[in-house]
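Novice: Next comes the sequence, and after it the predicted model I'd like to discuss.
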Protein chains: 2
Amino acid sequence: MSQSVKGSNLRVDGNALWVDLMETAQYGGTPKGGIRRLTLTDEDRQVRDWFVRTCTDLGCEVSFDSMGNLFARRPGLDNALPPITMGSHLDTQPTGGKFDGILGVLGGLSVLRALHNSGYTTRHPIEVINWTNEEGSRFSPPMMCSGVFAGIFTEAEVLDKRDRAGIRFGDELDTIGYRGKEPCGQHPISAYFELHIEQGPILEAEDKTIGIVTGIQGARWYEVTVRGKDAHAGSTPMPLRHDALVASAGMIMAVSEVAKAHGPSAVGTVGLLENRPNSSNVVPGEVFFTIDIRDPDDAVVLQMEQELRGKLEKIAQENSVELEIVQIWDAPAVHFDKACVGMVEEAATEHGYSARRIVSGPGHDAGYVAKVAPTAMIFVPCKDGLSHNEEESILQQDAEMGANVLLAAVLKADQTFDQ
Amino acid sequence: MSQSVKGSNLRVDGNALWVDLMETAQYGGTPKGGIRRLTLTDEDRQVRDWFVRTCTDLGCEVSFDSMGNLFARRPGLDNALPPITMGSHLDTQPTGGKFDGILGVLGGLSVLRALHNSGYTTRHPIEVINWTNEEGSRFSPPMMCSGVFAGIFTEAEVLDKRDRAGIRFGDELDTIGYRGKEPCGQHPISAYFELHIEQGPILEAEDKTIGIVTGIQGARWYEVTVRGKDAHAGSTPMPLRHDALVASAGMIMAVSEVAKAHGPSAVGTVGLLENRPNSSNVVPGEVFFTIDIRDPDDAVVLQMEQELRGKLEKIAQENSVELEIVQIWDAPAVHFDKACVGMVEEAATEHGYSARRIVSGPGHDAGYVAKVAPTAMIFVPCKDGLSHNEEESILQQDAEMGANVLLAAVLKADQTFDQ
């Protein structure tokens, strides 16, 4: 192929990117303008089918591995080299927005489109990846399939995960038709770049367009079961109760208090709670809930865990209930590859975009991919820092600038990496 | 018919009553030995069908009114007289036991059987009633159809009630085939006796077999909605959150504290709670829960309500969330008919059973029926006072003695009432 086009002159088509975002928002679109596209549901299948069709039309070959991770590949000059990759996830929260995850996949697609339309040929193959089940909302924990890719989880344990209705991950993967033959993780990559919305308030507050993400804060997740005793709400005297919900209420407040005590960076959340038997006139006999604690400093996360264990035990005793705490996820703080972070920074500078270095609050697939390949991330602002919410909102121009940085960083990596 | 049998010599068949209890426990029976027979489900239909067959075999005619309340009628000498009635409910809690409600219906059936087998003829017709939706667990509030019978609720409002899945009461009543033509409430009765397990610890603690129930404590129910803002659990700083679950946790503890402050008789319970969007890494944006407060003294219930409203408003403000409280049920304290209570007391005394007067903690259909007919209740002990629990347990001999008191009280009423 001719190489008449200069890489540094390339730009993504911001309008086409925006059209892609609005078109895919229909798959699982909600009346409030958000998306409910839980992993491995039929809505997930629909958006995957769209992605496969669209990438194929751009001359890419699309494959998927044994965990359903999708790889849309544009050949390079030397197809023996592992690809330079981009990506994120197409699944959403139950009341998610139109940009969390999707922007990173469609931003990658806009890079493929820019290369395709210009006829520019890279040295490495270029790939866009959609990671299965980033959100961890239906099947826990999150980032499950980039986790398998990086050797954090085994394929077998993930296939056997069940959602709260008891449905098996592996069965649902078969049902939507996206279980591939390539074993997950046997797909070498040269570098990985993930474009994402910040999901926090910092860039907007400082009027910056690009976040040069240097790493991800540490996080731990726990599943807590509180066991009391079902009893009649009308006739069981207060001192004789073993009320699992009253005990859990104390614990929920403890999670919030411990996080506040380690402020301003630490956060602690009880996001999911199930109350049983859940009837107005029955004293609750069992409550199940999750705890999510995070801080950029792993030592602080550990300290929070220790404080919480002490407080929860005490609350359980005071309320005459049994307590079970299972740690289901431990994601130490991640530090991205210095060279890749530098490419993002250079790209933003060369474009003249306002930018700052930033640590990610949320976890991302990039956190796991960083364990097996040089990795970095690019953030763009979202309105009011709001995410995991149907009102999640970004500016078209910010999406375009983020994708332009992604394109430039990928082309720098293409020139830099020799494998 | 000959009247060679003396009423005071009649006894129920305790074995047959126990067999009925165990047989009906199969409809909705759970692995743990309890029953899940939510109102107007197919399990409810099955036990109703059983009841109709069994009563028909005893020579009764079974009818049902526009709310699905069932009436199994044994004719008397003067069928122009309104019937002397017995009854309770066949529906259960989601994790209910084998005796709550069912004992009153099958105890009534055992009285019909005693009359049938002995050939004893009463002056009044005798009826056993199954009231639809006593539990209020699937469709709220409880005692819905005895409530319509007594003119507390209108037929139209009840038919339009929806369960948490949005399914309409009237549609489900049609589906199970128990919507009758007789308008609910146009069914005069002379007197009503309800046999029930105590659902509390008093009789067992005092080694008494019969509770002569003089009334029911007052109760109020509320539905509370707490509205905050969904946000990402990893990146939303603690001070910027509008966490509906943390706010609700404070409110749940307030309900418990207010009830304890009015001890020992007052109780307060949050039994049902729904958290939204209910995902591990999303700060909860909305929580819905119920509050149930009770005390034998209506003034105390009112006082508790006032205290709770103040505390909940304060907690909502402190947590930057919106609060909506809707009172959905107000059941003032009930005082049963002195003559009927006297008949229960005499019956217990004549049988030589140990007995005490008692105020009911839970609400019962009898509380509404008492508004339109002379009414009383009979309690028997349950193990550890445990109810609304799959482990709910009673002694066969206590069930038999309770049904013998029911039989004797009904025959006294048959002699006493002239209408």
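Specialist: On my side now, so go ahead.
Novice: Distance of A:P94 relative to A:K181?
Specialist: 31 Å (C-beta to C-beta, to the nearest Å). Yep, even glycine has a C-beta here, placed from its N, CA and C like the rest.
Novice: just A:S66 next, same as before
Specialist: 7 Å.
Novice: Return the residues in contact with the one residue in the stretch 101-250 of chain A that gets nearest to chain B.
Specialist: Closest to chain B within the stretch 101-250 of chain A is A:S235: 3.0 Å, counting by C-beta to the nearest C-beta. Neighbouring residues of A:S235 by C-beta atoms under 8 Å, 6 or more residues apart in numbering or on different chains: B:198-200, B:267, B:360-362, B:385, B:387.
Novice: Among those, which one is most surrounded by other residues?
Specialist: B:S387 (32 neighbours; other C-beta atoms under 10 Å in any protein chain shown).
Novice: Report the secondary structure state of that one.
Specialist: Each residue gets one of three states, and B:S387 gets coil by DSSP: H, G, I helix; E, B strand; the rest coil.
Novice: mind checking how far the closest residue to it other than its chain neighbours is from B:Q217?
Specialist: In space, and not counting its chain neighbours, B:S387 is closest to B:Q199: 3.7 Å by C-beta to C-beta, 6 or more residues apart in numbering or on different chains. If you measure B:Q199 against B:Q217 using C-beta to C-beta, the figure is 12 Å.
Novice: how about the residues of the stretch 251-400 of chain A that lie near chain B?
Specialist: A:252-253, A:256, A:259-260, A:263-264, A:266-285, A:290, A:292, A:294, A:360-363, A:385-390 (C-beta under 8 Å from any C-beta of the partner chain).
Novice: If you could redo that for the stretch 51-200 of chain A, that was the one I meant.
Specialist: A:93-95, A:135-137, A:140, A:142, A:198-200.
Novice: biggest separation within the residues you listed, which pair?
Specialist: The span of those, defined through C-beta to C-beta, is set by A:S140 and A:E198 at 23.9 Å.
Novice: The residue nearest to B:S387 reaches B:H388, doesn't it?
Specialist: Yes - contact criterion C-beta atoms under 8 Å: B:Q199 and B:H388 qualify, at 7.5 Å.
Novice: where do the contact lists of those two overlap?
Specialist: A:232, B:100.
Novice: Looking at the stretch 301-419 of chain A, which residue is nearest chain B?
Specialist: For the stretch 301-419 of chain A, the residue closest to chain B is A:G361, as judged by C-beta to the nearest C-beta, at 3.0 Å.
Novice: I'd say that residue and A:Q199 touch.
Specialist: Yes - between A:G361 and A:Q199 there is a contact under C-beta under 8 Å: 6.7 Å.
Novice: which neighbours do these two share?
Specialist: B:232, B:234-235.
Novice: Quick one: those residues as TSV, columns for pLDDT and secondary structure too.
Specialist: Shown next, in TSV, are the shared contacts of A:G361 and A:Q199 (pLDDT from 0 to 100; DSSP: H, G, I helix; E, B strand; the rest coil):
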residue	pLDDT	secondary structure
B:H232	88	strand
B:G234	89	coil
B:S235	85	coil
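Novice: of those residues, closest to B:P82?
Specialist: B:H232 (64.5 Å).
Novice: how does chain A divide into domains?
Specialist: Listed by automatic domain parsing, the domain ranges of chain A are A:7-217+A:333-416, A:218-331.
Novice: Those into CSV, with extra columns for distance to B:L173?
Specialist: Output for these, formatted as CSV (distance: least, C-beta to C-beta, whole Å):
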stretch, distance to B:L173
domain A:7-217+A:333-416, 28
domain A:218-331, 20
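Novice: between these, which gets nearest to B:V321?
Specialist: Using C-beta to C-beta, those put domain A:218-331 closest to B:V321, at 12.9 Å.
Novice: Same drill for A:P94 and A:K181, tell me which one is more crowded.
Specialist: Legend: neighbour count by other C-beta under 10 Å for A:P94 and A:K181, higher for A:P94 (21 against 8).
Novice: what does the model give the residue nearest to that one when sequence neighbours are not counted for pLDDT?
Specialist: Leaving aside its sequence neighbours, A:P94 sits nearest to B:P277 (C-beta to C-beta, 6+ apart; 4.3 Å). If you check B:P277, the pLDDT there is 93.
Novice: Help me confirm that B:P277 comes into contact with B:V287.
Specialist: No - with contact defined as C-beta under 8 Å, B:P277 and B:V287 do not form a contacting pair (10.9 Å).
Novice: okay, the two: which has more neighbours?
Specialist: Neighbour count, other C-beta under 10 Å: between B:P277 and B:V287, B:V287 has more, with 26 against 22.
Novice: helix/strand/coil for that one?
Specialist: Classified using three-state DSSP, B:V287 is strand.
Novice: which residues sit in contact with it?
Specialist: B:225-226, B:244-245, B:247-248, B:273-276.
Novice: what's the pLDDT at it?
Specialist: For B:V287, pLDDT reads 98.
Novice: Please name the bridge partners of it.
Specialist: B:V226, B:N275 (DSSP bridges).
Novice: Which helix or strand contains A:L109?
Specialist: helix A:102-118 (DSSP states H and E).
Novice: chain center to that helix, what's the gap?
Specialist: From the chain centre to the centre of helix A:102-118 is a distance of 19 Å (C-alpha atoms, centre = their mean, to the nearest Å).
Novice: so where's chain A shaky on pLDDT?
Specialist: A:1-4 (pLDDT under 70).
Novice: ChimeraX command for the buried members of the residues of the stretch 251-400 of chain A next to chain B?
Specialist: Typed into ChimeraX, the line below selects the buried ones among these, using 16 or more other C-beta atoms under 10 Å in any protein chain shown:
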select /A:252,253,256,259,266,267,268,269,270,271,272,273,274,275,276,277,278,279,280,281,282,283,284,285,290,292,294,360,361,362,363,385,386,387,388,389,390
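Novice: Just the residues of the stretch 251-400 of chain A next to chain B: which are in strands?
Specialist: A:267-269, A:273-276, A:282-283, A:290, A:292, A:294, A:360 (DSSP state E).
Novice: how many other residues sit next to A:F71?
Specialist: 23.
Novice: Could you report the neighbour count for A:D42?
Specialist: Around A:D42 there are 12 residues (other C-beta under 10 Å).
Novice: if I look at it, how far off is chain B?
Specialist: A:D42 sits 19 Å away from chain B, taking C-beta to the nearest C-beta, to the nearest Å as the criterion.
Novice: so what's the residue lying closest to that residue once chain neighbours are set aside up against?
Specialist: Distance criterion C-beta to C-beta, 6+ apart; nearest residue to A:D42, sequence neighbours excluded, is A:I176 at 7.0 Å. By C-beta under 8 Å, 6+ apart, the residues touching A:I176 are A:40-42, A:44-45, A:48, A:68.
Novice: go on, A:T290?
Specialist: With C-beta under 8 Å, 6+ apart, A:T290 has these contacts: A:140, A:221-224, A:270-273, B:280.
Novice: closest to A:K338 among the residues you listed?
Specialist: Proximity of the contacts of A:T290 to A:K338, judged by C-beta to C-beta, is greatest for A:W221, which lies at 28.8 Å.
Novice: In which helix or strand does the closest one reside?
Specialist: Going by DSSP H and E, A:W221 is in strand A:218-227.
Novice: Quick one: closest of the domains of chain A to B:S190.
Specialist: Per C-beta to C-beta, nearest to B:S190 of these: domain A:218-331, 28.3 Å.
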